[in-house]
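> how would this look folded up:
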Amino acid sequence: MKKVLAIIYLIIAFFIIYFLQANFFSWFTIAGIQPNLFIIFILFIGLFTGKNIGAIFGLILGLYLDLLLGRTIGISGILLAMIGMIGEYLDRNFSKESRFTIMLMVAGCTAIYEIGGYIFNIIRLGLPIEIFSFAKILIVEMIYNVLIIVIIYPLIRKLGYALENVFKSKNILTRYF
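Down below sits the predicted model:
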């Protein structure tokens, strides 16, 4: 029952993040570039719930975003699912206690998402290659996402450990002889 409630809360959080992305951050851009809160959200799910739930949420929410916003259906779903799976790998190999580590994780996942989407758009849609403008967008978006993490890190940590207790509960059975 706790897992079902947690999933419902995550879906509600997605719609809140969608509202923030579409409305609030459209007013607060840096050089016309918005942060990508969905990358932060899916990485958060992957870090604290595991790769299966992170990948499923990434795929479903990415497909939903593609249906609403995208030119092609599926690329955001695939890339966000990858970020959800990467979250589990990062959880096993790095500490979630350090704000700096989380900042590097978000910067790396932002780069993976944007580079993957850019390469796909070049191949599939035949867009021209403009490395300088893409690098500018990538760097500004990475900095913006990292700044958001600096601000909301205590909230992410608190909610993340609550999710981790629900999804990664370690039931240890001891045996006495």
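> which residue packs closest to Lys2, ignoring adjacent ones?
Val166 (4.9 Å; Cβ to Cβ, 6 or more residues apart in numbering). All C-beta spots, glycine's among them, are computed from the backbone N, C-alpha and C.
> same question, Ile129
Spatial nearest neighbour of Ile129, excluding adjacent residues (Cβ to Cβ, 6+ apart): Ile122 at 6.0 Å.
> could you do Ile60 as well?
Per Cβ to Cβ, 6+ apart, closest to Ile60 is Gly77, 7.3 Å.
> now Gln21
Spatial nearest neighbour of Gln21, chain neighbours left out: Leu37 (5.0 Å); criterion: Cβ to Cβ, 6+ apart.
> Asn23 versus that neighbour, what's the distance?
12 Å (Cβ to Cβ, to the nearest Å).
> again, but for Glu130
29 Å.
> more neighbours: the two, which one.
For Glu130 versus Asn23, neighbours defined as other Cβ atoms under 10 Å are more numerous around Glu130 (12 against 9).
> any idea how far the more buried one is from Leu147?
Distance of Glu130 to Leu147, given as Cβ to Cβ: 25 Å.
> what does Ile115 give?
Separation of Ile115 from Leu147 (Cβ to Cβ) stands at 20 Å.
> same question, Ile56
Ile56 is 29 Å from Leu147, by Cβ to Cβ.
> could you do Gly58 as well?
Gly58 sits 23 Å away from Leu147, going by Cβ to Cβ.
> who's more crowded, the two?
Gly58 (30 against 13).
> what's the helix or strand harbouring the more buried one packed up against?
Element membership of Gly58 [criterion: DSSP states H and E] is helix 51-69. If you count contacts as 3 or more Cβ pairs under 8 Å, 6 or more residues apart in numbering; DSSP states H and E, helix 51-69 packs onto helix 2-19, helix 37-49, helix 75-93.
> quick check: which of these is nearest to Arg157?
helix 37-49 (9.3 Å; Cβ to Cβ).
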